[in-house]
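*Asks:* predicted model, plus sequence, below.
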Amino acid sequence: MKRFKAFFDLEKEEAWLDKMTESGYRLEAVNPWLGIYTFSKVQDGEFCPRTRIDFRVVPKKDKDEYFEMYRSSGWEIVCSSNNNACKYFRQCSAEATDDIFSDRISAVQRNKKVGTFWLVLGLLCSICAILQFISLIDANKNADLFFTVFFTVGGIGMAVLAIITFAFGSHLSTKNNKDVDAVSIQDDTTVAGDKTIKRLFGRKIPWMLLFVGVGFLFGIFSVLVFG
Amino acid sequence: MPLTETTFYILVALLEPGHGYYIMQKVEELSGGDVRVAAGTMYGAIENLLGLKWIKAVPGEDKRRKVYQITESGKKVLTEESVRLRKLVDVAGEQGL
C-alpha cells in the first residue's frame, strides 16, 4: 500500500507512523524527498515494528559505525532513506528499545536541528530572492525577464514556506521547551551550546520580526542603491 | 557541572575501552536494567563527549565498531561529579532520608 503525505514536523510524522503501526501496517520503504510511504499489512498477532526518524548528517567515514550502532540495538534503516538527513529506522524485533532516543534532551536536540535547517534554508532562499529582485530592477543587465521573475517568485515562495515551517515546528512548542528546562537543571553538558540555541529559538515573534525587518531594509537599500 | 544520568553512566562504562554497543550493554548492566540508552541518544552522546574531549577514539581495525575510552579530563570530571553526588547523598542521609 502506498501513501503520499507531506510533513514538515518530525514529531507529527512519527505520530502518524505510530497510528499506521497500531493499525498493523509495517513501513517497507520511504522516499523522504517526495513523501511516498510504502506499507505492508502485518498478519494479526504478528509483531508490527515502530518507525522512528533521526535527523543527522553522518559523514561517510562514520556511516558504518552509525548504522551498526542502530542495528545492534535492534533498529534497521528503512530502505532508500540512508542518504537523506532524515533517516527512518524500523524495529527489528519486539526486544528493540521503544524509541531511538532514551532521554528528552536528545529528542529535543533533533527537533532543534530540524528547526535550524529550515531557518538556514529560509535565509538562503530570502537572499536568492532578493538578489534576483535586484537584477529585476536593473533591467538593462537582465537578458531573460521570464527567468528572473520565475526565480524571484520561486525564491520568495520557498523562503515563506521555510519560515512558516520554522515558525510552527515542534522545536518551538512550549511543551518541549518546558521539558528541556526541567531536564536541563541536571544537565548542562550533553547539550553543549544548547542555551544559545534556546535563546535564539525560544522566542519566535522577535525572530520573525527581525526576519521581515532585515528583508524589508535590504529591499529598500537595494532600490535606493541600484534602482 | 552536573551530568545527566546517561552521561554519567557512559563515562563510567568507558573506564574500560569499548565500542558503542558495548557501552549500551555495560550501562544497562551497571544500572541493573534501569537505564537503557537508545541508539540515537548514544550516537549523539559520543559525538558530544568527543567534542568535549572527555572520551577519545582508540585506534583500531574495525570501522564498524570504533572503540572509545575515557580521557584524563573525562576522569577528572567523573571524579568531581562523584564527590558532588556523594555529598548530596550525605546531606540527605543527615536529614534521615
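*Replies:* Looks like it arrived, so ask away. Numbers count the residues shown, from 1 in each chain, chains lettered A, B, ... in the order given.
*Asks:* OK, contacts around residue B:68?
*Replies:* When contacts are counted by C-beta atoms under 8 Å, 6 or more residues apart in numbering or on different chains, residue B:68 is found next to B:14, B:17-20, B:23, B:46, B:50, B:55-58. C-betas here are computed from N, CA, C, even on glycine.
*Asks:* could you turn the buried ones of these into a PyMOL selection?
*Replies:* In PyMOL syntax, the buried subset of the contacts of residue B:68 is picked out as below (16 or more other C-beta atoms under 10 Å in any protein chain shown):
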select buried, chain B and resi 14+18+19+20+23+46+55+56
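*Asks:* sort out which of the contacts of residue B:68 are in strands and list them.
*Replies:* Among those, DSSP state E puts B:18-19, B:55-58 in strands.
*Asks:* ok, which of these also contact chain A?
*Replies:* Among those, proximity to chain A is found for none (C-beta under 8 Å from any C-beta of the partner chain).
*Asks:* quick check: of the residues you listed, which lies closest to chain A?
*Replies:* residue B:19 (8.1 Å; C-beta to the nearest C-beta).
*Asks:* residue B:65 is in contact with that closest one, correct?
*Replies:* Yes. Using C-beta atoms under 8 Å, residue B:19 is in contact with residue B:65, at 4.0 Å.
*Asks:* could you give the mean pLDDT of the helix ranked longest in chain B?
*Replies:* Criterion DSSP state H: the longest helix present in chain B is helix B:72-94. Helix B:72-94 shows a mean pLDDT of 94.
*Asks:* how about the residues of chain B by chain A?
*Replies:* Applying C-beta under 8 Å from any C-beta, we find that chain B lies next to chain A at B:1-7, B:20-21, B:24, B:35-45, B:48, B:51-52, B:63-66.
*Asks:* narrow those residues to those that are buried.
*Replies:* Applying 16+ other C-beta under 10 Å to these flags B:3-7, B:20-21, B:24, B:35-45, B:48, B:52, B:65-66 as buried.
*Asks:* in helices, which of those residues fall?
*Replies:* Counted as lying in helices by DSSP H, out of these, are B:5-7, B:20-21, B:24, B:39-45, B:48.
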